[in-house]
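# build me a model from this:
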Amino acid sequence: MPFAQRNEQGQIIALFDGPNDEAQEELSASHEDVLSFLTKGQFDEEETKAYLSQTDYDMIRVVEDVIDLMIKKNLILLTDLPSAAQHKLITRKRLRAKFLLEDTLLIEDDNIL
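Alright, predicted model coming up:
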């Protein structure tokens, strides 16, 4: 959790990964003030919601890749997961493999180095 440094008006002006002389207040990463500080000047509320929604798909892929890595390293077994999760992961892996194979078959000979 980050540690916040605030100005005289109580607004966060800096975040740190540990406490220091200026930042003693520990806040959750999802705290409203932390999120406001991180997105200040970047996005309005609607843009923030749209960005989060858009990146959800990217995060799904990250989670899938992390699960695959954990399985490959024998940290977990696929069978450790609930059957619904197993089914979803296997289905997505098959679909991704199918599209990857189709993409490689569509490469023109001119594109081969």
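# gap between stretch 89-104 and the chain center?
22 Å (C-alpha atoms, centre = their mean, to the nearest Å).
# mind exporting the C-alpha coordinates of it to PDB?
This file holds the C-alpha atoms of stretch 89-104, laid out as PDB (Å, rounded to 0.1, in the frame of the first residue of the first chain):
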ATOM      1  CA  LEU A  89      -9.200 -21.500 -19.600                       C
ATOM      2  CA  ILE A  90      -9.000 -24.500 -21.900                       C
ATOM      3  CA  THR A  91     -11.600 -23.100 -24.200                       C
ATOM      4  CA  ARG A  92      -9.700 -19.800 -24.500                       C
ATOM      5  CA  LYS A  93      -6.400 -21.600 -25.000                       C
ATOM      6  CA  ARG A  94      -7.900 -23.600 -27.800                       C
ATOM      7  CA  LEU A  95      -9.400 -20.500 -29.500                       C
ATOM      8  CA  ARG A  96      -6.200 -18.500 -29.200                       C
ATOM      9  CA  ALA A  97      -4.200 -21.400 -30.600                       C
ATOM     10  CA  LYS A  98      -6.700 -21.700 -33.500                       C
ATOM     11  CA  PHE A  99      -6.400 -18.000 -34.400                       C
ATOM     12  CA  LEU A 100      -2.600 -18.100 -34.000                       C
ATOM     13  CA  LEU A 101      -2.500 -21.000 -36.400                       C
ATOM     14  CA  GLU A 102      -4.800 -19.300 -38.900                       C
ATOM     15  CA  ASP A 103      -2.700 -16.100 -38.700                       C
ATOM     16  CA  THR A 104       0.500 -17.900 -39.600                       C
END
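# please work out which residues outside that stretch touch it.
64, 67-68, 78, 81 (C-beta atoms under 8 Å, 6 or more residues apart in numbering). All C-beta atoms are positioned from the backbone trio N, CA, C, and that covers glycine.
# turn those residues into TSV, columns for secondary structure.
Output for these, formatted as TSV (DSSP: H, G, I helix; E, B strand; the rest coil):
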residue	secondary structure
64	helix
67	helix
68	helix
78	helix
81	coil
